[in-house]
Every structure is written in structure tokens, then in C-alpha cells.
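**Student:** What would the 3D arrangement of this be:
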Amino acid sequence: MLCRPLHLLAVSAVCSLRRAAFTMSSAPILLARLVAAAHSVAEKAGATVRDVMSSGDLGIIEKTGANDLQTAADRLVQQSICASLAVTFPRLTIIGEEDLPSEDVSEELIETGASEEILKATFPSQYNNIKEEELVVWVDPLDGTKEYTEGLLDHVTVLIGIAYEGKAIAGVINQPYYNYQAGGDAVLGRTIWGVLGIGAFGFKLKEVPEGQHIITTTRSHSSKLVNDCIAAMNPDKVVRVGGAGNKIIQLIEGQASAYVFASPGCKKWDTCAPEAILHAVGGKLTDMHGNTFDYHKDVKHMNSAGVLAALRNFNYYASRVPESVKQALVP
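**Tutor:** Modelled structure (predicted):
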């Protein structure tokens, strides 16, 4: 939902000073500053997700049913991301999954940092003249909420996608519980980021061995249509997990060769950040007809014609989508 204006005068003043400092110096371009800020905001979001779980009270409510849940982490993280980005970039359009009431946001939820690594990166000149008001940010504060409530913590991600002229051009994915089963001195959590024309970072790119067809798909929203489409791919293995962000990470880390979801259940905030990161490393994500997604601020939120994605050999999977599936899923 469109994030509402927030009352954060003190924080806004600090951010105004920062914007002025950027203007007076040889500042990184707007997109670099936004992605760098989103990276820091996503890391704070991951910490918030862990804090809510550690508190022992997830604050669960059902939005439309048992498979559509909202937790305190969903609410707090969306407030944190939207407020943090809005005070630094006040002319952005920010659209979050949760429909939350307009209210003051605690200063403890505000993150004003920015990734130095990203600020120092060289961005393509095609992004030099982008204006704040031309960007749309799509936020899924807790992708894989149902899995979060069931303790399947490695399925959970925080997604911040950035679109320009309707196209997903940059994305940030935080995995709050990355390494949570490693124990010892393993660092808990990680943040992946990517920009078209630069690449994607924070992970090691790996592909499924040539000739293997490993399909990742929904864990909790399966149907005959989904299963028929998967069967048509002649998979060697099917991996059923939660979260669109998690599934795209499986593609870029060689755990799966295609993401197949022949259902209208996915939304723009589920796919914007993952799509940008996948495309940044040469992959492809479309609906089941092969149509690209539009991320303008006024588009419908539902990806009504499903999702098909692959790191390599996308055309193989697209060619095997049954006509019955295409007829059932109207763009």
C-alpha cells in the first residue's frame, strides 16, 4: 500500500542537512545514494525481524485467511523502511505490502546510514539524471511471513525494489537468518544488492549443473495449475519453499534452475527487488506468458499471470508452459 506521510520533523532536519552536504560536495548520483540507503535500512530491518522473534510475541493477525498473515515484524519493518527512506528522499513514491494506519514512527525505527561500498561504486551514466519523483520503491517488509511464524527462518527475506520508468532497475534483499543454523562464530544475516548495468553483490553466483532441471516453487499456495505447469517442465527435482526473494536466491546460488509459479498470488512488492537482482546477473523474470512486469506507481499490485524465472536457459522453461496454463492466467 502507498506509504503515508509521517511526522518526523527532527529526523527530517538531520536528513535535510545531509542532502545539502551531498549537494555541496561531489556527491554520488541519486540512485547510488538511494540504493546505499536502502542497504542500510534493510540491515536494520533484518535486526528488527530477529528482535520480534526473540521477544516471544509475534503479534500475528490474519489478513484474509490462514495463509495470509501479518506479524509485528511486518508492521514494524514496513514503518522503518518507509519512514527511513521518506525522510531522506521525500519525493519518492514508496509502496509497501501492509495497509497500515498513519501514525508517528518511533525514532528508534529510523535508519539514516548508507553503505559506503555502494556510494563508491561506479553507476552507469544512464542513471545520472534520474529525479526522486520518477522513482517507485516497492517494499515487502517480511517476505515469507507464514514460514516466519512456523520457524522456517531461512525462507524469510526483506525486499526493497527500485523501479524507474516502470522497470525494476535495483534491488536489495536482506536475509535476517542467513547462517542461523551454522552456529559458532558464523555471522547472522546478510544483505544482497544489485543494479542493472553494475551486477549483484553479497553472494557467490553459482549455476545448477548443465542439463539438470530443478524447479523451485510455492510451499503454501500450491494448486493443480501450479503442479501441472511444473510437471510440463520435466523436472529432475522440485523444491517447495516460501518467499519469492528466497526462490530467486536459490536461482543465483545454484540451488534451482527455474522458479515456476503458475498462480495469480504474487504481488509487485514480491518481485521488484528479486527481478532487479536476477536481471543484474543475466537472468530473466516474466509472467507465464513471457510478458515483463510493469512497476509504475499506478499499476495493479497483483501479478495475475504468475511468475516464471531462470538464471540461464529461460527459453527452455518458457517453451514448456502449457497452453492450458496460459489460458487460465490472464495478464
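
**Student:** Who are the contact partners of the residue positioned nearest the centre of the chain?
**Tutor:** Geometric centre of the chain, nearest residue: Leu159, 2.7 Å, by CA atoms, centre = their mean. Counting by CB atoms under 8 Å, 6 or more residues apart in numbering, Leu159 makes contact with 138-140, 143, 171-173, 244-245, 269-270, 272-274. Where C-beta positions appear, they are placed from N, C-alpha and C, glycine not excepted.

**Student:** Repeat the analysis, applying 10 Å as the threshold.
**Tutor:** Going by CB atoms under 10 Å, 6 or more residues apart in numbering, Leu159 touches 42, 45, 81, 97, 138-144, 171-174, 243-245, 248, 269-274, 277.

**Student:** Lys300 now?
**Tutor:** Per CB under 10 Å, 6+ apart, neighbours of Lys300: Lys267, Lys268, Asp294.

**Student:** Bridged to the first one, which residues?
**Tutor:** Lys267 has these beta-bridge partners by DSSP bridges: Met302.

**Student:** Number of residues surrounding the closest residue to Trp193 other than its chain neighbours?
**Tutor:** Leaving aside its chain neighbours, Trp193 sits nearest to Val172 (4.8 Å; criterion: CB to CB, 6 or more residues apart in numbering). For Val172, the neighbour count with other CB atoms under 10 Å is 34.

**Student:** Pretty sure Val172 sits against Lys44.
**Tutor:** No. In this structure, Val172 is not within contact of Lys44 by CB atoms under 10 Å, at 11.7 Å.

**Student:** Spit out the residues that contact those two alike.
**Tutor:** Ile81, Val158.

**Student:** mind checking the SS state of the residue nearest to the centre of the chain?
**Tutor:** Three-state assignment for Leu159 (DSSP: H, G, I helix; E, B strand; the rest coil): strand.

**Student:** Ser222 versus that one, what's the distance?
**Tutor:** 22 Å (CB to CB, to the nearest Å).

**Student:** One more: Asp228?
**Tutor:** In terms of CB to CB, Asp228 sits 11 Å off from Ser222.

**Student:** Equivalent analysis for His213, please.
**Tutor:** For His213, the distance to Ser222 equals 18 Å [CB to CB].

**Student:** For these two, indicate the residue with more neighbours.
**Tutor:** Between His213 and Ser222, counted using other CB under 10 Å, His213 has the larger neighbour count: 19 against 14.

**Student:** That one contacts Asn234, correct?
**Tutor:** Yes. Here His213 lies in contact with Asn234, judged by CB under 10 Å, at a distance of 6.2 Å.

**Student:** Spit out the residues that contact those two alike.
**Tutor:** Residues touching both His213 and Asn234 (CB under 10 Å, 6+ apart): Tyr316, Arg320.

**Student:** How far does stretch 43-59 sit from its chain's centre?
**Tutor:** Remark: stretch 43-59 is offset 18 Å from the chain centroid, using CA atoms, centre = their mean, to the nearest Å.
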